[in-house]
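[1] Kindly generate the corresponding structure for this input.
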Amino acid sequence: MTCHTNADLQKIVNEAALHTVYGEVAGYIPALAEVNRHDLSAAVYNIKEKSCIYAGDYQNKFTLQSISKVLVLALAIQDMGSEYVFGKVGMEPTGDPFNSISKLETSIPSKPLNPMINAGALAVTNMIKGESSDEKWHRIIEFVGRLVNDKNVSCNEIVAKSEFETSWLNRALCYFMKQHGVINGDVEELIDIYTRQCAIEMNCFDLARAGAVLALDGKDPETYEEVIPSDIARVCKTLMVTCGMYNASGEFAIKVGIPAKSGVSGGILAVVPNKCGIGIFGPSLDKRGNSIAGVKVLEMLSNRNDYSIF
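    Coordinates of the predicted model:
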């Protein structure tokens, strides 16, 4: 049975929601520990119809967390070019946790393996152009606003503050990379921008619309104006396949088979090339940091609508 209506999607969400009991919220970030782990919502933005189907409390806002990594990567490549970006950060997947420091110590040269782990994302955020941290932040939030067609998109300052005050491991990653010339500038300013970037708020519709831009190789799904150059959109989607679901990316590629990026808030941004963008929120996480019910939603959607790109 295919899924093309709100009722179809709601049935999938209801079935997937049964799995929320097997996960936990991201309790190590104080502001994220307060959410209801049984929440689950989804939106699918269909490109051909220029319309969206919804299920659950799809207007419920949540922070992007690691989903922001793929969006800021697109801006950094526009700013600095692929050769520069991937001269500082690798393109290879890792079997290690997203916040691991071990590969930085053993890699030669000492650079993050990819832009989807914390070390790589911090290095990418460090590349955003701007004369000040405020200008860099303004450029990030303006770019994200263009992706979702919402000039009022903003960050949750409470979550950003909570993460800034507890980002000790990310600070360690930054100082290690600064020692080895991967990043430059003030570490505290970088952590401030990065935590605000992770605390950008969206709902499922916003996330699905951002996915639709990537699905159209960087074009706005309503105006067809270029938001991201097509070659950069392709790079982002490829890295979403190989690295986007943390160290479960290979399993996800086999079971679901579409580009996706998750965040520890429980959000997932997924892309079906030339068909749709998908936004999901389900804060109950598996041991790898992915939304346990959100992955189930994507698995069922992919199977019923034949979404796999493989």
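[2] Going by C-alpha atoms from here, please, whenever you check contacts or count neighbours.
    Fine.
[3] Please work out which residues outside the longest helix along the chain touch it.
    When the chain is parsed with DSSP state H, its longest helix is helix 133-148. The contact list for helix 133-148 (C-alpha atoms under 8 Å, 6 or more residues apart in numbering) reads 71-72, 75, 128-130, 151-154, 189-190, 193, 197, 206-207, 209-210, 213, 220, 227.
[4] switch the cut-off to 7 Å
    The contact list for helix 133-148, computed with C-alpha atoms under 7 Å, 6 or more residues apart in numbering, reads 72, 128-130, 151, 153-154, 189, 193, 206, 209-210, 213, 227.
[5] quick one: which of these is nearest to Glu24?
    Comparing the contacts of helix 133-148 against Glu24 with C-alpha to C-alpha places Asp206 closest, at 24.6 Å.
[6] Could you report the distance from that closest one to Ala160?
    20 Å (C-alpha to C-alpha, to the nearest Å).
[7] Which per-residue confidence value corresponds to the residue nearest the centre of the chain?
    By C-alpha atoms, centre = their mean, the mean C-alpha position of the chain lies nearest to Ile67, the distance being 1.3 Å. Reading off the confidence values, Ile67 has pLDDT 98.
[8] do Ile53 as well
    At Ile53, pLDDT is 96.
[9] and the gap between it and Asn6?
    From Ile53 to Asn6 the distance is 5 Å (C-alpha to C-alpha).
[10] Which one of the two is surrounded by more residues?
    Neighbour count, other C-alpha atoms under 10 Å: between Ile53 and Asn6, Ile53 has more, with 21 against 16.
[11] Tell me which residues touch that one, please.
    So Ile53 contacts Thr5, Asn6, Ala43, Val44, Tyr45 (C-alpha under 7 Å, 6+ apart).
[12] List only those of the residues you listed flagged as buried.
    Buried by 16 or more other C-alpha atoms under 10 Å: Asn6, Ala43, Val44, Tyr45, out of the contacts of Ile53.
[13] Go through those and name the one nearest Asp306.
    Val44 (14.5 Å).
[14] What strand or helix carries that closest one?
    strand 41-46 (DSSP states H and E).
[15] quick one: strands adjacent to that strand?
    Strand pairing for strand 41-46, determined by DSSP bridges: strand 51-55 (antiparallel), strand 276-281 (antiparallel).
[16] can you dump the C-alpha coordinates of that strand into PDB?
    Output in PDB follows, covering the C-alpha atoms of strand 41-46 (Å, rounded to 0.1, in the frame of the first residue of the first chain):
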ATOM      1  CA  SER A  41       5.400  13.700  13.700                       C
ATOM      2  CA  ALA A  42       6.200  13.700  10.000                       C
ATOM      3  CA  ALA A  43       5.700  15.800   6.800                       C
ATOM      4  CA  VAL A  44       6.400  14.900   3.200                       C
ATOM      5  CA  TYR A  45       6.700  17.700   0.700                       C
ATOM      6  CA  ASN A  46       5.900  16.400  -2.800                       C
END
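[17] related to what we said a few turns ago, OK, contacts around the residue nearest to the centre of the chain?
    Lys261, Ser262, Gly263, Leu269.
[18] got the contact list for the third one?
    If I follow you right, that is Gly263. Leu64, Gln65, Ser66, Ile67, Asn290.
[19] With the first one instead?
    Taking C-alpha under 7 Å, 6+ apart, we find Lys261 in contact with Ile67, Met240, Gly244, Met245, Ile268, Leu269, Ala270.
[20] which element is Ser302 on?
    In the assignment (DSSP H and E), Ser302 maps to helix 292-305.
[21] and that helix, how far out from the chain's middle?
    17 Å (C-alpha atoms, centre = their mean, to the nearest Å).
[22] who does it touch, helix- and strand-wise?
    helix 6-16 (3 or more C-alpha pairs under 7 Å, 6 or more residues apart in numbering; DSSP states H and E).
[23] Now tell me what touches the helix it packs on from outside.
    By C-alpha under 7 Å, 6+ apart, helix 6-16 touches Cys3, Leu40, Ser41, Ile53, Tyr54, Ala55, Gly56, Ala293, Lys296, Val297, Met300.
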